[in-house]
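Visitor: Sharing a model that was predicted from the sequence below.
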Amino acid sequence: MSIGHRICSSPLLWAGALALVGCGVEADPSDALAELSARTPLAVTMDRATGAPQSVYGVVADAVGSPQSARAVLAELAAALRITDVDALAYDGSVDSPIGRHYRFTQTYRGVPVEGGAVQVHEGTDGRALGVSSSYVPGVSVPTVAPAIDAAAALGRAARALDPADLAQAAGALRAAPELIISTRAGAARLAWRVIVPTETRTWELLVDAGDGTLLADPTDINRYASGSGQVWRAANAVVALQNNSLRDSSNSGTAVPSTAYQIVTLQGLTGNGYLDGVYASSSGTKKRASSATNTFVYDRSSVGFEETLAYYYIDLTERYIQSLGFTNINNHQQVFSANGTTQDNSWYAPSTKKITYGTGGVDDGEDAEVIIHEYGHSVQDDQVPGFGSGNEAGSQGEGFGDYLGATISAQTSNGFQDTCIMEWDATSYSSTNPPCLRRLDTAKHYPDSVVGEVHADGEIWSGALWNIRVAIGAALADKVILQHHFLLPATASFNTAANALVTAANNLGYTSAQCTSIKTALTNRGFTVTASCP
């Protein structure tokens, strides 16, 4: 025989076919698979990670008919599938479909489930086995299946790994019993506790080593999210979308802004519950929320549904951009907002509740993405430096950063139109300037002589310096170092402390001497004292 070992016959396989595992003697997997393929037409797909077949489709046995027979099929095919212990496969039941019945087995090792390990035998309507699919993990072995730490200790370790906001949402969920499994996520097989923590917005999975209590991987959100569609401006706001400074609100009229200002976009990360609830944003603070069974949120500006959609889209977009720069731990949670929380012409982020409120006075604030993002900027800083903004200079940095963040995100779709004039759509209801800017990032304000003691006005000193850095080294590098330097700040940071933190951050991010010098020059040109040196 070509595979060179003793053969045990089986009535399950077609007449005269070669059994692939002979009386407990393991065949070479490649030879076994080749021999199987030589007997009948098969479609085989290999799993690159394990080197074992992921699927074998074709008639692999003449009859199934029961779980016991399905297991016998797997015993015959074990060598080809690299299944080392057929008896350790736990039968998980069967499910019927229009083409037949599908028998499911879970891989175990000494009675403990192997994470992700499963095998299915597929029986056709004629009773024959029409294929096998497998995620079996070959070669699993651990020294012991007796955990050194118990389930309660695993729960405690999981709790310490989660954000306090998630723990607050979890309520009694941490009392759920963890599952003992064998995991290969960290490379070699490890005995681990699988802890599941459902919250209001996410379902966290944590793997805790059952030997020493370490985490085998970062907490993972195992929810499955939907994508929807929504109507937003073609740029950050109506003025920029149409490059038209003469637009006016006209009492929230839908016809005040031509339809050419709008576009349909994909809304990512929705939970699929019919509301604008998702991974990074939720309009749940909004009165009379928009809803859609198909996750389609298409409104014009006369409806509060438009502000909900715009705010959801830009908060989600901003958070995804921040994470694309490498900051996966900044505001990595759902931001709740109200699109119509006040009739005032004002908006705010509340550190006590972590929620954002957008006002409807004048032009609805939720219609201007630069307002939306500005308030989200406060949430970002509060997440990085809890309580940030105490005192005029730190408060001014908070306002300046919010303005900068709105501007740098807006510039991604502005085609260069009025990038340093921010919130111009919102400002049309009260500004007499042309263009109608709430604030600007290109003023000549200089420290300390331009300080007036009002955080929004003094924030222009800081936002101007940040924008000059952006001009000097490019958007991505500027945005990254600006976000990074927040981690170095105290909550009461002075302008000079922040300036030195920016240079320190640039050095530690590996920026070149020229890039660091450009940052330092932009700061000293604004009057800040920078004693940190560049390489």
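Guide: Looks like it came in fine.
Visitor: C-alpha only now, for contacts and for neighbours.
Guide: Fine.
Visitor: Show me where this structure has its helices.
Guide: For the chain, helices defined by DSSP state H occupy the ranges 29-39, 67-81, 151-161, 164-170, 238-242, 304-324, 369-384, 392-410, 424-427, 455-473, 475-486, 495-508, 513-525.
Visitor: Turn these into a markdown table, columns for distance to residue 262, mean neighbour count and mean pLDDT.
Guide: Formatted as a markdown table, those follow (distance: least, C-alpha to C-alpha, whole Å; neighbours: other C-alpha atoms under 10 Å; pLDDT from 0 to 100):
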| stretch | distance to residue 262 | mean neighbour count | mean pLDDT |
| --- | --- | --- | --- |
| helix 29-39 | 57 | 17 | 71 |
| helix 67-81 | 54 | 22 | 95 |
| helix 151-161 | 42 | 18 | 91 |
| helix 164-170 | 36 | 15 | 72 |
| helix 238-242 | 8 | 24 | 98 |
| helix 304-324 | 11 | 23 | 98 |
| helix 369-384 | 13 | 25 | 97 |
| helix 392-410 | 15 | 26 | 97 |
| helix 424-427 | 14 | 27 | 97 |
| helix 455-473 | 28 | 24 | 98 |
| helix 475-486 | 26 | 20 | 96 |
| helix 495-508 | 38 | 22 | 94 |
| helix 513-525 | 37 | 20 | 98 |
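Visitor: Export those helices as JSON lines, with columns for distance to residue 212.
Guide: Formatted as JSON lines, these follow (distance: least, C-alpha to C-alpha, whole Å):
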{"stretch": "helix 29-39", "distance to residue 212": "36"}
{"stretch": "helix 67-81", "distance to residue 212": "33"}
{"stretch": "helix 151-161", "distance to residue 212": "10"}
{"stretch": "helix 164-170", "distance to residue 212": "23"}
{"stretch": "helix 238-242", "distance to residue 212": "56"}
{"stretch": "helix 304-324", "distance to residue 212": "31"}
{"stretch": "helix 369-384", "distance to residue 212": "30"}
{"stretch": "helix 392-410", "distance to residue 212": "42"}
{"stretch": "helix 424-427", "distance to residue 212": "56"}
{"stretch": "helix 455-473", "distance to residue 212": "46"}
{"stretch": "helix 475-486", "distance to residue 212": "33"}
{"stretch": "helix 495-508", "distance to residue 212": "33"}
{"stretch": "helix 513-525", "distance to residue 212": "43"}
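Visitor: mind checking which of those helices is nearest residue 191?
Guide: helix 151-161 (12.1 Å; C-alpha to C-alpha).
Visitor: Please parse this protein into its domains.
Guide: 29-134, 151-221, 226-525 (automatic domain parsing).
Visitor: and the shortest one, how far apart are its ends?
Guide: Using C-alpha to C-alpha, to the nearest Å, the end-to-end distance of domain 151-221 comes out at 21 Å.
Visitor: With stretch 209-229 instead?
Guide: Termini of stretch 209-229 sit 41 Å apart (C-alpha to C-alpha).
Visitor: as a whole number, average confidence for it?
Guide: Here stretch 209-229 scores 91 as its mean pLDDT.
Visitor: Now that stretch: buried residues?
Guide: 209, 210, 211, 213, 215, 216, 219, 221, 228, 229 (16 or more other C-alpha atoms under 10 Å).
Visitor: quick one: contacts of stretch 519-527?
Guide: Identification of contacts with stretch 519-527 by C-alpha atoms under 8 Å, 6 or more residues apart in numbering yields 445-448, 461, 465-466, 468-469, 472-473, 499, 502-503, 529-530.
Visitor: quick one on the thing from earlier: redo the domains of the chain as JSON lines? Include distance to residue 535.
Guide: Output for the domains of the chain, formatted as JSON lines (distance: least, C-alpha to C-alpha, whole Å):
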{"stretch": "domain 29-134", "distance to residue 535": "43"}
{"stretch": "domain 151-221", "distance to residue 535": "34"}
{"stretch": "domain 226-525", "distance to residue 535": "5"}
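Visitor: residue contacts, residue 379?
Guide: Neighbours of residue 379 in contact, by C-alpha under 8 Å, 6+ apart: 331, 349, 351, 354.
Visitor: right, I mislabeled it, should have said residue 273
Guide: residue 293.
Visitor: now the strands for the stretch 51-200 of the chain?
Guide: For the stretch 51-200 of the chain, the strands defined by DSSP state E, counting those that start in this stretch cover 53-61, 89-97, 100-109, 112-124, 129-134, 179-183, 190-198.
Visitor: Can you say which of the ones you listed is packed in most?
Guide: Comparing the strands of the stretch 51-200 of the chain by mean neighbour count (mean count of other C-alpha atoms under 10 Å), strand 190-198 comes out on top with a mean of 25.
Visitor: and the gap between residue 81 and residue 45?
Guide: The value you get for residue 81 to residue 45, if C-alpha to C-alpha is used, is 11 Å.
Visitor: Tell me the residues that contact both of the two, please.
Guide: residue 53.
Visitor: Looks like residue 325 contacts residue 481 (just checking).
Guide: No. Counting by C-alpha atoms under 8 Å, residue 481 is not a contact partner of residue 325; they are 9.7 Å apart.
Visitor: if I pick residue 518, what's in contact with it?
Guide: With contact taken as C-alpha under 8 Å, 6+ apart, residue 518 is in contact with 469, 472, 473.
Visitor: Please repeat the previous calculation with a cut-off of 7 Å.
Guide: 469, 472 (C-alpha atoms under 7 Å, 6 or more residues apart in numbering).
Visitor: Excluding chain neighbours, what is closest to residue 445?
Guide: Once flanking residues are discounted, residue 445 sits nearest to residue 461: 5.3 Å by C-alpha to C-alpha, 6 or more residues apart in numbering.
Visitor: Next up, the contacts around that neighbour.
Guide: 445, 446, 447.
Visitor: hang on, the earlier thing: which among the contacts of residue 379 count as buried?
Guide: 331, 349, 354.
Visitor: In this structure the second one contacts residue 356, no?
Guide: If I follow you right, that is residue 349. Yes. Residue 349 is within contact range of residue 356, at 4.4 Å (criterion: C-alpha atoms under 7 Å).
Visitor: Give me the common contacts of those two.
Guide: residue 375.
Visitor: Including pLDDT and distance to residue 93, could the contacts of residue 379 go into TSV?
Guide: Formatted as TSV, the contacts of residue 379 follow (pLDDT from 0 to 100; distance: C-alpha to C-alpha, whole Å):
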residue	pLDDT	distance to residue 93
331	95	42
349	96	51
351	90	51
354	93	46
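Visitor: Just the ones of those in strands?
Guide: Counting by DSSP state E, the contacts of residue 379 place residue 349 in strands.
Visitor: from the contacts of residue 379, which single one is nearest residue 439?
Guide: Using C-alpha to C-alpha, those come closest to residue 439 at residue 349, 18.6 Å.
Visitor: list the contacts for the closest one?
Guide: 355, 356, 357, 375, 378, 379.
Visitor: The same query, at a cut-off of 10 Å, please.
Guide: By C-alpha atoms under 10 Å, 6 or more residues apart in numbering, the residues touching residue 349 are 337, 355, 356, 357, 358, 374, 375, 376, 377, 378, 379, 382.
Visitor: Appreciated, that's everything.
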